[in-house]
Each structure stands twice: as structure tokens, then as C-alpha cells.
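Asks: What follows is a predicted structure for the sequence shown.
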Amino acid sequence: MSRAAEGRAGAGGAAATIDVDQALSLYRQMVLIRGVEVEIETLHKRGRMTGSFHSSMGQEACAAGVCAALRQSDIVTSNHRGHGHAVAKGIPIEGIFAELFGRSTGVSGGRGGSMHLHHRESGFLGENAIVAGGLPWAGGAAWARKKRGLTDVGVAFIGDGGFAQGVTHEVLLMARYWEAPLVIVCENNGLAHSMASERLFGEPGSITRIVEATGVRSEFVDGRDVIAVAETAAAMVEHARTVGPAFIECQVFRVKPHSLSDPDYRYREKDAGQAWLETHDPILALRRRLGEDQGEALDRIDAEVAEEVAAASAAAEAAPQTPVEAALENVYLTAELNKNG
Ligand SMILES: Cc1ncc(C[n+]2csc(CCOP(=O)(O)OP(=O)(O)O)c2C)c(N)n1
Ligand SMILES: [Mg+2]
């Protein structure tokens, strides 16, 4: 148990940085991410949503904990497994559902779908289907903000697979050289599709040591523990705001197959995800930690989130479909786009 949870959020103890209200807010955020993704999976299975998607079930604590340390004006970029980051950064969930339904009310006008959520108003610069493709965006955004005299940071969520991309190492070194306010969050879920992370990098924590060797401030954190993630993220975001780049390796677990269409039983034990969830679910872990005292408040959050998700999903589905003629909007640079760029 982290110091914070032993303190005001838990059973009493040493100095805490996270109080009960903040812990409840982290809980709500994780339940909302889970609720949105379970709804998306259900809609796919019922044939009401098409395409595929990459569930972040089991990884909610990383998205919720990191984004809790951010301001609205801080920038986040994400990858193909990005719904949790989008929700945690504050994108309205109706806009996310509408995007996945291909509706014109979607955050990307229904043109982007699951891997191209984008919402400037929330500081969400976008997901990216190219492994580690969002990282140079965040690095550039961070550097630009520093050049403009702002104190906002850029945060890039990448997977362990993203750490095997050359661009990751380039951005890391450039951000260090320019002292850019960038936080790289590597969600190490142990797999890059079917490739075991340990085969490439060694045990969890090894990626942190590789980054440490560059002189960039680095932390390894248990991504099942949302309070530990939130505390670590707060320190690293502050470091980025005031000093320079920071790196977090967040150890998580991918509960679902790589995507909806992935036969994961070919490279890991059948039902490995479900078995993990039963013993390590970050949502249940926080519930247990907060204890009976908060039982009613937690139940209320569960009910409110369920209602919010159902309403958002229904409203999104009822919205008009994106017309075919809109398909090429925002693809080519126009004077209007350039002006808003
Ligand atoms: C440059 C590039 N290479 C390969 C792929 C195919 N691909 C999509 S997701 C993925 C695995 C990514 O693993 P990781 O970064 O660990 O993220 P996770 O899926 O585990 O969340 C791969 C290889 C891609 N999209 N882009
Ligand atoms: Mg991975």
C-alpha cells in the first residue's frame, strides 16, 4: 500500500498526498474507462458498431493516475490502445461513442474511428495507429509550449512495443537536449501483440534502467496501483514543468486479446486475461483499499457511471451518420485549417 493510501485515503498513517476525495475521483475515472470499453465491446458483439478496437481493460489505473496530474491545457498523445487516455484526459464520452459509430457528432467528425480520437479542447492531440507515432507529436508540442513561454507539458503514452521504435530514442535524446517539458509514459503490458516484452528488454523495470542511462529522470511504477501511479505522475509532471523530460514505465497487464479479432490463445494461456482480472483488477484493488467506509460512495459512483455510459452511447447512436462526402474533410491542408493549425 502506498503512503498516500495508508494516510488520508486509507487506514491512517504517514503523510499522504492523495486524500479520499481524490481517491474516489480516481476510482470514478477507472470505472468510467472500463464502462466505456465494455459498452464498446458489447456494441461490436451485437453488430451495432463495426471495425475493430484495442481494449485497455486492466490498464485503467495508468491512464487515470497519469491524467489526474494534468491540467486541461497539458497535451496528451496516445496510441492504438487509447480510449482510456482519451476518457481520462476529459474527452466527452458521447463524442467518443459517436466517433466509433461513424457519426458526424464524433470527436473527429466520425471520420477517424477508434484509433483516431482527437479533441483539442481537452488537450488531446490524438491517438496514432503507428507504434510510437504519437511520441514525436507530444515532444514537439512540449517543445513548442516551452518556446512560447508556457508551463504546459506534453505527455505521450506508448506501449512497450513503442520502446523498440527508433523514433522513441530520438525523441528522448532531443527532449533531453532541449530540456523539453515532455513526459513519456511507457505502458509495459508485457506484450507487443504476441511478442513478449521480456524477450526484447528483460524483466519489467529494465526499460526504466535503459532510460536512466540517458540521464532522463525515470521511475518504474506498479500500474495496478492507481494511487502509486498518481503520486509518481504528479512528481514527474512537476519535473517536466520545471526541469526537463521525465519517463515513467508503468507495469500493466492486457486483459483482452490484442484487438477484437486476435486469437491470443495461440501465444498465451487461454483465459489468461480473465484469470489476471480476478486477482489483480485495479478497480477492485482500490475498492478494497478504501474499505467498507466508502462502500456506499463507491456503489453510487458505479451506478452513476453506468447511467452516464448508457445515456452517452444511446445519444451517440441516435446522431446522424457522417456523410460520405465528408470523408476527405481535413485530409488536405486548406487556408482555414492552416489558420487554425
Ligand atoms: C510502426 C508499426 N509497426 C507495426 C505495427 C503493427 N502493430 C500494431 S500494434 C502492435 C503492437 C504494439 O505493442 P505495444 O506498443 O506494446 O502496445 P500494446 O498493443 O501492447 O498496447 C504492432 C506491432 C504498427 N501499427 N506500426
Ligand atoms: Mg505492449
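Replies: Received the coordinates, thanks. Ligands and ions are numbered 1, 2, ... in the order given.
Asks: mind checking how far the residue nearest to Ile248 when sequence neighbours are not counted is from Leu337?
Replies: With Cβ to Cβ, 6 or more residues apart in numbering as the criterion, Ile248 has its nearest non-adjacent residue at 4.9 Å, and that residue is Val185. Every residue, glycine included, has its C-beta placed from N, CA and C. Look at Val185 and Leu337: by Cβ to Cβ, to the nearest Å, they are 29 Å apart.
Asks: And those two? Which one has more around it.
Replies: For Val185 versus Leu337, neighbours defined as other Cβ atoms under 10 Å are more numerous around Val185 (28 against 12).
Asks: Give me the contacts around the one helix or strand that one maps to.
Replies: Secondary structure assigned from DSSP states H and E places Val185 in strand 182-188. Here strand 182-188 makes contact (Cβ atoms under 8 Å, 6 or more residues apart in numbering) with 59, 62, 66, 81, 135, 138-139, 142-143, 153-160, 162-163, 168, 171-172, 175, 197, 204, 207, 211, 223, 233, 236-237, 240, 245-252.
Asks: One more pass at 7 Å, please.
Replies: For strand 182-188, the external contacting residues (Cβ atoms under 7 Å, 6 or more residues apart in numbering) are 59, 62, 66, 135, 138-139, 142, 153-160, 162-163, 172, 175, 197, 204, 207, 223, 236-237, 240, 245-252.
Asks: same thing with stretch 110-127?
Replies: 51, 53, 72-80, 82, 86, 89-91, 95-96, 98-100, 102-104, 107-108, 129, 134, 137-138, 141, 322, 326-327, 329.
Asks: so what strands line up beside the helix or strand following the strand holding Val185?
Replies: Past strand 182-188, further along toward the C-terminus, the next helix or strand under DSSP H and E is strand 191-192. According to DSSP bridges, strand 191-192 has the following sheet partners: strand 195-196 (antiparallel).
Asks: Need the CA coordinates for the next helix or strand after the strand it pairs with. PDB is fine.
Replies: On the C-terminal side of strand 195-196, the closest following helix or strand by DSSP H and E is helix 197-201. In PDB, the C-alpha atoms belonging to helix 197-201 read as follows (Å, rounded to 0.1, in the frame of the first residue of the first chain):
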ATOM      1  CA  SER A 197       8.400  -7.700 -23.800                       C
ATOM      2  CA  GLU A 198      10.800  -9.700 -21.600                       C
ATOM      3  CA  ARG A 199      12.400 -11.200 -24.800                       C
ATOM      4  CA  LEU A 200      13.300  -7.700 -26.000                       C
ATOM      5  CA  PHE A 201      14.000  -5.800 -22.900                       C
END
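Asks: Counting neighbours, which bits of helix 197-201 end up buried?
Replies: 197, 201 (16 or more other Cβ atoms under 10 Å).
Asks: For the stretch 51-200 of the chain, list the residues in contact with ligand 2, please.
Replies: Residues of the stretch 51-200 of the chain lying near ligand 2 by Cβ under 5 Å from the ion: 159-160, 189, 191-192.
Asks: Tell me the one among the residues you listed nearest to ligand 1.
Replies: Taking Cβ to the nearest ligand atom as the measure, Gly159 is the one of these closest to ligand 1, at 2.4 Å.
Asks: Contacts only, for the closest one.
Replies: Residues in contact with Gly159, defined by Cβ under 7 Å, 6+ apart, are 79, 81, 187, 189, 192.
Asks: Name whatever forms a beta bridge with Glu219.
Replies: The bridge-partner assignment for Glu219, based on DSSP bridges, gives Ile248.
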